[in-house]
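Asks: no sequence on this one, just coordinates:
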């Protein structure tokens with residue numbers, strides 16, 4: 001066979017192979033089409049992807065959205081009904097989970113703007129079955145003859161034995177009166193928390209709290225007019241009261257604390273008018289008190305009266321007419337670990353206070369108080385803060401980063417460093433609301449440069465204007481100014497370690 005014959009034979013072989021491969025390709029394409037149809041049928045038979053989560057896991061996720069916890073804001077509480085409705089419309093599975101989980105129906109919110117239908121409240125009570133209830137009545141400013149609150153109260157009080165929390169805020173005096181009258185004569189064996197704005201005069205229904213709510217743990221009463229008949233449950237652990245004032249009426253003399261469960265309290269907050277309170281020194285024993293906050297007219301009387309061996313955190317605001325003050329308690333509170341001056345506009349008697357609280361490990365103040373605590377004055381060889389020999393942390397609230405205000409603190413920290421004393425952590429904490437004068441990257445960097453050698457500086461919340469550019473130089477976080485634009489906030493923590 002010559003070369004021509006061999007070429008023709010090879011061509012015939014290749015053409016045959018082409019026909020075979022083409023037949024195989026046709027068969028493969030038919031098989032692919034058939035397989036795609038099978039896959040589509042399988043997909044149609046499978047449940048939707050949104051329903052693939054196990055019911056138990058889905059219910060657990062929903063609990064973060066639909067079950068009250070202490071982090072809920074008032075706006076979130078008022079939006080629970082709408083959120084339940086929106087989630088239940090996603091799929092039939094989601095709807096079934098929400099309808100069949102009693103905890104998701106335990107928060108009942110009444111508002112005047114969008115009051116739920118009474119029949120719906122009854123349905124919600126049935127769906128919640130036997131779980132404890134959280135009752136919120138809010139933004140009902142005045143009584144309305146065409147839309148009275150009493151029918152809703154009648155429905156709610158039918159399940160008073162399941163109430164766990166009662167929050168009443170932003171309601172008018174008439175509405176508050178209706179609510180308090182509806183609660184009279186009822187028992188609340190499961191009630192653990194009450195937060196109710198008292199409008200300065202409605203105190204009489206609270207005298208039965210010990211018998212009505214024997215399990216009460218937390219009580220918060222803004223704008224309360226305290227009377228000798230006021231009393232609370234013996235199980236109370238947290239008590240927060242803001243005292244109102246009846247104009248034109250004499251202030252009654254009340255022994256502090258009248259009928260307050262001193263043996264169980266761990267948190268006590270008192271704000272407002274306390275004129276007329278009378279208790280001998282060291283006559284009020286609070287053996288379990290851990291946190292105390294005072295913003296009252298006569299703090300000295302209270303501080304001298306109480307004995308709190310476990311008190312660790314103390315916050316205070318100076319009275320309105322006092323330019324500086326001390327409590328006159330000697331060394332009684334040397335064991336306190338933290339004290340915060342919660343008033344940004346008042347000054348304190350730094351030397352006396354630092355001697356009274358010489359054992360503190362953490363001090364929290366506003367910028368106006370820095371010079372009072374950290375500047376030597378008069379016959380002092382050191383600054384008032386030198387009395388606090390165990391001091392480890394300082395927090396400055398409401399910071400605007402104007403570094404001149406920090407000069408006394410920088411000098412004090414530098415002196416400590418030179419004397420070989422332990423380094424102190426300084427935390428700059430600006431509030432979410434914009435300060436009057438916003439700082440920029442330059443002033444923050446300047447402050448950092450001043451403090452880097454003498455302490456550890458941490459920034460909780462930075463308000464920066466104009467926009468800054470972040471860059472790294474010598475392994476140190478730097479801020480440099482760029483062209484002015486709108487201000488922005490950085491809610492995340494930036495930590496500066498020196």
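Replies: Yes, it's here. Nothing here was measured: the structure is a model prediction, and the numbers come from that model.
Asks: would you list every one of the strands in the stretch 51-200 of the chain?
Replies: 107-111, 133-140, 163-171, 193-196 (DSSP state E, counting those that start in this stretch).
Asks: need these in JSON lines with mean pLDDT and mean neighbour count, can you?
Replies: Bear in mind the C-beta positions are built from the backbone N, C-alpha and C, glycine included. Shown next, in JSON lines, are the strands of the stretch 51-200 of the chain (pLDDT from 0 to 100; neighbours: other C-beta atoms under 10 Å):
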{"stretch": "strand 107-111", "mean pLDDT": "85", "mean neighbour count": "21"}
{"stretch": "strand 133-140", "mean pLDDT": "87", "mean neighbour count": "22"}
{"stretch": "strand 163-171", "mean pLDDT": "89", "mean neighbour count": "20"}
{"stretch": "strand 193-196", "mean pLDDT": "89", "mean neighbour count": "20"}
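Asks: Turn those strands into TSV, including distance to residue 388.
Replies: Formatted as TSV, these follow (distance: least, C-beta to C-beta, whole Å):
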stretch	distance to residue 388
strand 107-111	45
strand 133-140	42
strand 163-171	39
strand 193-196	35
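Asks: my guess is residue 210 contacts residue 234, does it?
Replies: Yes - counting by C-beta atoms under 8 Å, residue 234 is a contact partner of residue 210 at 6.6 Å.
Asks: More neighbours: these two, which one.
Replies: More crowded of residue 210 and residue 234, by other C-beta atoms under 10 Å: residue 210, with 17 against 13.
Asks: any idea how far the helix or strand hosting the more buried one is from the chain center?
Replies: Assigned by DSSP states H and E, residue 210 belongs to helix 209-212. Relative to its chain's centre, helix 209-212 lies at 29 Å (C-alpha atoms, centre = their mean, to the nearest Å).
Asks: So what touches the next helix or strand after that helix?
Replies: Downstream of helix 209-212, the next assigned helix or strand under DSSP H and E is strand 218-224. For strand 218-224, contacts defined as C-beta atoms under 8 Å, 6 or more residues apart in numbering pick out 192-200, 203, 206, 209, 230, 232, 236-244, 272.
Asks: Can you give the strand pairings for the helix or strand that strand 218-224 is followed by, parallel or anti for each?
Replies: Sequence-wise, the next helix or strand downstream of strand 218-224 (DSSP H and E) is strand 238-243. As defined by DSSP bridges, the strand partners of strand 238-243 come to strand 218-224 (parallel), strand 267-272 (parallel).
Asks: Quick one: the ones you listed as JSON lines, columns for distance to residue 317 and mean pLDDT too.
Replies: Formatted as JSON lines, these follow (distance: least, C-beta to C-beta, whole Å; pLDDT from 0 to 100):
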{"stretch": "strand 218-224", "distance to residue 317": "16", "mean pLDDT": "86"}
{"stretch": "strand 267-272", "distance to residue 317": "8", "mean pLDDT": "89"}
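Asks: I'd like the ones you listed as a markdown table, with mean neighbour count and distance to residue 52 appended.
Replies: Output for these, formatted as a markdown table (neighbours: other C-beta atoms under 10 Å; distance: least, C-beta to C-beta, whole Å):
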| stretch | mean neighbour count | distance to residue 52 |
| --- | --- | --- |
| strand 218-224 | 20 | 40 |
| strand 267-272 | 19 | 45 |
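Asks: Reformat those strands as JSON lines; add distance to residue 289.
Replies: Below are the strands paired with strand 238-243 laid out as JSON lines (distance: least, C-beta to C-beta, whole Å):
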{"stretch": "strand 218-224", "distance to residue 289": "15"}
{"stretch": "strand 267-272", "distance to residue 289": "6"}
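Asks: how far away is residue 261 from residue 235?
Replies: Between residue 261 and residue 235 the distance is 7 Å, computed by C-beta to C-beta, to the nearest Å.
Asks: next one: residue 382
Replies: 47 Å.
Asks: for the helix or strand in which residue 412 is found, which positions count as buried?
Replies: For residue 412, the host element (DSSP H and E) is helix 407-418. For helix 407-418, burial by neighbour count (16 or more other C-beta atoms under 10 Å) applies to 408-413, 415-416.
Asks: what sits up against it?
Replies: With contact meaning C-beta under 8 Å, 6+ apart, helix 407-418 is reached by 370-371, 374-375, 383, 385, 394, 396, 423-424, 426, 450-451, 453-455.
Asks: buried subset of those residues?
Replies: Looking at the contacts of helix 407-418 with 16+ other C-beta under 10 Å, the buried ones turn out to be 370-371, 374-375, 383, 385, 394, 396, 424, 426, 450-451, 454-455.
Asks: Just to check, residue 336 is in contact with residue 361?
Replies: No - using C-beta under 8 Å, residue 336 makes no contact with residue 361, being 9.2 Å away.
Asks: Which parts of the stretch 251-400 of the chain are strands?
Replies: Using DSSP E, counting those that start in this stretch, strands in the stretch 251-400 of the chain cover 267-272, 284-285, 291-296, 306-307, 313-316, 338-341, 362-365, 393-397.
Asks: Report all helices and strands that the fourth one contacts.
Replies: Which is strand 306-307. Packing partners of strand 306-307 (3 or more C-beta pairs under 8 Å, 6 or more residues apart in numbering; DSSP states H and E): strand 284-285.
Asks: Name the nearest residue to residue 93, sequence neighbours excluded.
Replies: Spatially, and ignoring its direct neighbours in sequence, residue 93 is nearest to residue 51 (4.4 Å; C-beta to C-beta, 6 or more residues apart in numbering).
Asks: what sits against residue 294?
Replies: Residues counted as contacts of residue 294 (C-beta under 8 Å, 6+ apart) are 269-271, 302-303, 314-317.
Asks: If we only consider these, which is nearest to residue 389?
Replies: Comparing the contacts of residue 294 against residue 389 with C-beta to C-beta picks out residue 314 as the nearest, at 17.9 Å.
Asks: What about that closest one, how many residues nearby?
Replies: A total of 21 residues lie near residue 314 under the criterion other C-beta under 10 Å.
Asks: distance of it from residue 365?
Replies: The value you get for residue 314 to residue 365, if C-beta to C-beta is used, is 13 Å.
Asks: Residues that sit against both of these two, list them.
Replies: With C-beta under 8 Å, 6+ apart as the test, residue 314 and residue 365 both reach residue 340.
Asks: Select the longest helix from this protein.
Replies: Counting residues, the longest helix found in the chain (DSSP state H) is helix 3-45.
Asks: how far out from the middle of the chain is it?
Replies: Centre-to-centre, helix 3-45 and its host chain are 69 Å apart (C-alpha atoms, centre = their mean).
Asks: and that helix, what other elements does it pack with?
Replies: Counting contacts by 3+ C-beta pairs under 8 Å, 6+ apart, there are no secondary-structure elements packed against helix 3-45.
Asks: quick one: average pLDDT of it?
Replies: Taken as a whole, helix 3-45 has an average pLDDT of 90.
Asks: returning to that earlier point: more crowded one of residue 336 and residue 361?
Replies: Ranked by neighbour count (other C-beta under 10 Å), residue 336 and residue 361 place residue 336 first, with 20 against 13.
Asks: Please point out which parts of stretch 233-241 sit buried.
Replies: Of all the residues in stretch 233-241, those buried under the rule 16+ other C-beta under 10 Å are 233, 236-241.
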